[in-house]
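Enquirer: The amino acid sequence is not available; the structure is as follows:
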């Protein structure tokens, strides 16, 4: 049985989390004139991160490494 989570996938996970946060903040910047981050924005960010984590682990367990 091969290792499902390797070094490259850990790096990809970190980059994905950073890009998810960047996507969230850029959406805030595009939709507001004065940036004032509210509680509902943090809820949206947490949902985006949880969604990314679920997708990442689902992808890891369906794609085989060579």
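Expert: Happy to help now that I have it. These numbers come from a predicted model, not from an experiment.

Enquirer: State the number of residues packed around residue 41.
Expert: Neighbourhood size, residue 41 [other CB atoms under 10 Å]: 17. Glycine gets a C-beta too; all of them are placed from N, C-alpha and C.

Enquirer: distance of the residue nearest to it when sequence neighbours are not counted from residue 40?
Expert: Once flanking residues are discounted, residue 41 sits nearest to residue 28: 6.1 Å by CB to CB, 6 or more residues apart in numbering. Taking CB to CB, to the nearest Å as the measure, residue 28 falls 11 Å from residue 40.

Enquirer: Which of those two has more residues huddled nearby?
Expert: Between residue 28 and residue 40, counted using other CB under 10 Å, the more crowded position is residue 28 (16 against 8).

Enquirer: That one reaches residue 36, doesn't it?
Expert: No. Counting by CB atoms under 8 Å, residue 28 stays clear of residue 36, with 9.2 Å between them.

Enquirer: residue boundaries of the helices in the chain?
Expert: For the chain, the helices defined by DSSP state H occupy 7-31, 39-62.

Enquirer: Would you mind giving those as JSON lines with mean pLDDT added?
Expert: Shown next, in JSON lines, are the helices of the chain (pLDDT from 0 to 100):
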{"stretch": "helix 7-31", "mean pLDDT": "92"}
{"stretch": "helix 39-62", "mean pLDDT": "90"}
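
Enquirer: picking up where we left off before, now do the same contact list for the residue nearest to residue 41.
Expert: Residues near residue 28 by CB atoms under 8 Å, 6 or more residues apart in numbering: 35, 37, 41.

Enquirer: Would you mind measuring from it to residue 56?
Expert: According to CB to CB, residue 28 stands 23 Å off from residue 56.

Enquirer: repeat for residue 37
Expert: Residue 37 sits 25 Å away from residue 56, going by CB to CB.

Enquirer: more neighbours, these two?
Expert: A count of neighbours by other CB under 10 Å puts residue 56 above the other of residue 37 and residue 56, at 16 against 12.
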